[in-house]
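**Student:** Requesting a structural model of the entry that follows:
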Amino acid sequence: MRYYYSADTLFVRGSFRAASTGVNGGLGTVSTLLNHTVPEHFGHADPSRHLREITDAAGMGEDAFGLLTAVPMRHLCILQYDFITVFVTAGVTNPNPDPAVPHTINIIVTSREGFSDAALLGAIITVTEAKTRALRDLGRTFTGTTTDAVIAASEGEVVHEYAGPLTAAGMRIYAAVLRGVAAALDRQEGRVEDTGPSYFIFSRYNGDHWVEWQPEGCPYYPCHFPGQVCDFCYCPYYPCRDGDLGHWVESSSGGQVWSCSRCTLLHIPEVADYYKQNPEASLDELKKLRATLDTKRSGA
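**Tutor:** Got it, this is the predicted structure:
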């Protein structure tokens, strides 16, 4: 799985088995998941056609599940909890049944460990329970808006048969959605200032807690080399499983996590610029670019 975003669209790319409650949803095998911002008074007569126009313009096929929102992508929250990654946009100016105001809570859950179809559907239930809890904790009297939607997707052989909140997958989904809905509403409603998507990682260092990564005033800069670019400190390829770039390490809570602490690939300014211009670039393509740059520098 990998993801990237423009000013108005989040693209999540991979080889997914997925369940969606959004436009043209259902159960299926898809290569693209997206969340797209529409104008506040969106009046397109055919939302499914609108989504196809977006994927066509991006050079992607029709095997996609998509969601629509009036929330700008700069308020997107991305949360990583082990093998689970959750993407949340949230606006709740529309708790009442007024379709003319399309603010929405959209949630995409991805897993790098495979889910059965039952687990995908169970994940949607778990997401809904966590979203409801988040709204209650914020003092809201409603459980969602009239246009909320969820996509649950996974890659690989089935590892998880169920995804209720007490399962290994479900408890991670629940925690990420609970944190993500609150964080997304803080940004949409102006309690937290942002200029782009926010990133949260579940850390077990010094006790379990969520950590928000922020490039401004990072106490570790430069963690790799002077002049590095930090736009992709939260790597869109993670976990890449490329032995040239990282390795598996033992987690303090058991199991293994992918460590890329020594990877500098996307911190190289020329490589970061190339990726921004070519978000579909493969890791091999970026590694070849780095090798070319190294050759030029060594010959200078």
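
**Student:** alpha carbons only for contacts and neighbour counts from here, please
**Tutor:** OK.

**Student:** Check what pLDDT residue 108 gets.
**Tutor:** The score at residue 108 is 98. That number is its pLDDT.

**Student:** quick one: strands adjacent to the helix or strand hosting it?
**Tutor:** Assigned by DSSP states H and E, residue 108 falls within strand 105-111. When pairing is defined by DSSP bridges, strand 105-111 lines up against strand 84-90 (antiparallel), strand 149-154 (parallel).

**Student:** residues touching the closest residue to residue 290 other than its chain neighbours, list them.
**Tutor:** If you skip the residues right next to it in sequence, residue 290 has residue 271 as its closest partner in space, 6.8 Å away by Cα to Cα, 6 or more residues apart in numbering. Residues in contact with residue 271 (Cα atoms under 8 Å, 6 or more residues apart in numbering) are 265, 286, 289, 290.

**Student:** buried stuff in the helix or strand residue 271 falls within?
**Tutor:** Using DSSP H and E, residue 271 sits within helix 269-277. By neighbour count with 16 or more other Cα atoms under 10 Å, helix 269-277 contains the buried residues 271, 272, 274, 275.

**Student:** And the pLDDT for residue 128?
**Tutor:** At residue 128, pLDDT is 98.

**Student:** what about it, how many neighbours?
**Tutor:** Other residues near residue 128 number 21, with proximity taken as other Cα atoms under 10 Å.

**Student:** Tell me the buried residues in the strand holding residue 108?
**Tutor:** 105, 106, 107, 108, 109, 110, 111.

**Student:** So the residue nearest to residue 290 versus residue 231, what's the distance?
**Tutor:** 11 Å (Cα to Cα, to the nearest Å).

**Student:** what separates the helix-or-strand element of the chain with minimal mean pLDDT from the chain centre, distance-wise?
**Tutor:** In the chain, no helix or strand scores lower on mean pLDDT, DSSP states H and E than strand 256-259, which sits at a mean of 82. How far strand 256-259 lies from its chain's middle: 19 Å, per Cα atoms, centre = their mean, to the nearest Å.

**Student:** Ok, stretch 208-220 next?
**Tutor:** The answer for stretch 208-220 is 17 Å, by Cα atoms, centre = their mean.

**Student:** What is the end-to-end distance of that stretch?
**Tutor:** End-to-end distance of stretch 208-220 (Cα to Cα): 21 Å.

**Student:** just stretch 138-146 next, same as before
**Tutor:** OK, stretch 138-146 end separation, Cα to Cα: 18 Å.

**Student:** what comes up buried for that stretch?
**Tutor:** 143, 144, 145, 146.

**Student:** Per-residue pLDDT of the residue nearest to residue 290, please?
**Tutor:** Confidence for residue 271, expressed as pLDDT, is 95.

**Student:** got it, and residue 36?
**Tutor:** So, for residue 36, pLDDT stands at 94.

**Student:** just so I know, which of the strands paired with strand 105-111 lies nearest residue 169?
**Tutor:** Of all these, it is strand 84-90 that lies closest to residue 169, at 7.5 Å by Cα to Cα.

**Student:** Excluding its own residues, what touches that closest one? List them.
**Tutor:** Strand 84-90 is contacted from outside by 69, 71, 73, 75-80, 103-112, 169, 172-173, 176-177, 180-181, 184-185, 188, using Cα under 8 Å, 6+ apart.

**Student:** returning to what we had before: export the strands paired with strand 105-111 as a markdown table, with columns for mean neighbour count and distance to residue 16.
**Tutor:** Compiled in a markdown table, the strands paired with strand 105-111 are given as follows (neighbours: other Cα atoms under 10 Å; distance: least, Cα to Cα, whole Å):
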| stretch | mean neighbour count | distance to residue 16 |
| --- | --- | --- |
| strand 84-90 | 25 | 13 |
| strand 149-154 | 27 | 5 |
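
**Student:** Identify whichever of those strands lies nearest to residue 21.
**Tutor:** Nearest of the strands paired with strand 105-111 (Cα to Cα): strand 149-154, 5.5 Å.

**Student:** Low-confidence stretches in this structure?
**Tutor:** Scanning the chain for pLDDT under 70 picks out the ranges 41-45, 93-102, 252-254, 300.

**Student:** Spatially central residue for it, please.
**Tutor:** When Cα atoms, centre = their mean is applied to the chain, the residue found nearest the centroid is residue 87 (3.8 Å).

**Student:** nearest spatial neighbour of residue 177, skipping sequence neighbours?
**Tutor:** Once flanking residues are discounted, residue 177 sits nearest to residue 130: 5.9 Å by Cα to Cα, 6+ apart.
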